[in-house]
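Participant: got a predicted structure here, sequence first:
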Amino acid sequence: MAQLFSNEWINALKDEWNADPEVSDKLAEINFNSVITCGFKDDDKPLCVFVVENGVATSAGLYNGETADWDMRATEENWNKWAEKPLNMASMGLAFTTGKLKFPVGDFKAMIKNPSMAGPFVKSFALMGKIA
């Protein structure tokens with residue numbers, strides 16, 4: 001498996017995102033555009049970023065000061081655990097309410113109540129497990 005949050009890892013995630021119609025096609029249906037960053041919970045800044053335009057991840061790489069619409073943070077242990085056993089709707093809600101998954105930027109509560117966003121978002125966590 002590529003090192004978590006490396007340039008290789010985030011680009012592999014971008015490719016998996018675009019190859020999965022339950023993520024990219026569903027988000028294209030709602031014209032989803034976003035700059036998404038992720039990293040570790042206690043770090044000052046995210047480690048990687050990917051840009052989504054009309055549901056398609058158009059670029060990915062190491063974080064370089066981009067302004068995020070969504071920033072997801074967790075411990076390395078939790079990220080690795082979720083790559084092995086992806087979150088589902090219930091476990092994601094639990095991870096959020098217990099503080100294991102944090103969103104310094106982005107409105108998780110509004111997103112999770114919107115089925116057109118929540119389904120693809122939860123599915124995107126399963127993509128991490130496909131990165132070899």
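Facilitator: Sure thing, it's come through.

Participant: residues contacting residue 69?
Facilitator: 34-36, 105-106 (C-beta atoms under 8 Å, 6 or more residues apart in numbering). The way it works is simple: take the backbone N, C-alpha and C, and place the C-beta from them, glycine included.

Participant: ignore what I typed, I meant residue 24.
Facilitator: Going by C-beta under 8 Å, 6+ apart, residue 24 touches 17-18, 55-57, 120.

Participant: any regions of this structure where pLDDT drops low?
Facilitator: 1, 132 (pLDDT under 70).

Participant: could you show me where the helices are in it, in order?
Facilitator: For the chain, the helices defined by DSSP state H cover 7-19, 24-29, 76-84, 89-97, 108-112, 115-128.

Participant: redo those helices as TSV? Include distance to residue 40.
Facilitator: Shown next, in TSV, are the helices of the chain (distance: least, C-beta to C-beta, whole Å):
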stretch	distance to residue 40
helix 7-19	13
helix 24-29	25
helix 76-84	6
helix 89-97	15
helix 108-112	18
helix 115-128	15
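
Participant: so for residue 46, which of these sits nearest?
Facilitator: Closest approach to residue 46 among the helices of the chain (C-beta to C-beta): helix 7-19, 10.4 Å.

Participant: what angle sits between the closest one and helix 115-128?
Facilitator: For helix 7-19 against helix 115-128, the angle by axes from the mean of the first three to the mean of the last three C-alpha atoms, to 10 degrees is 130 degrees.

Participant: residues making contact with helix 7-19?
Facilitator: Helix 7-19 is contacted from outside by 2-3, 23-24, 48-50, 52, 56-57, 59-62, 124, 127-128, 130-132, using C-beta under 8 Å, 6+ apart.

Participant: got the angle between that helix and helix 76-84?
Facilitator: When the same axes, to 10 degrees is applied, the directions of helix 7-19 and helix 76-84 differ by 40 degrees.
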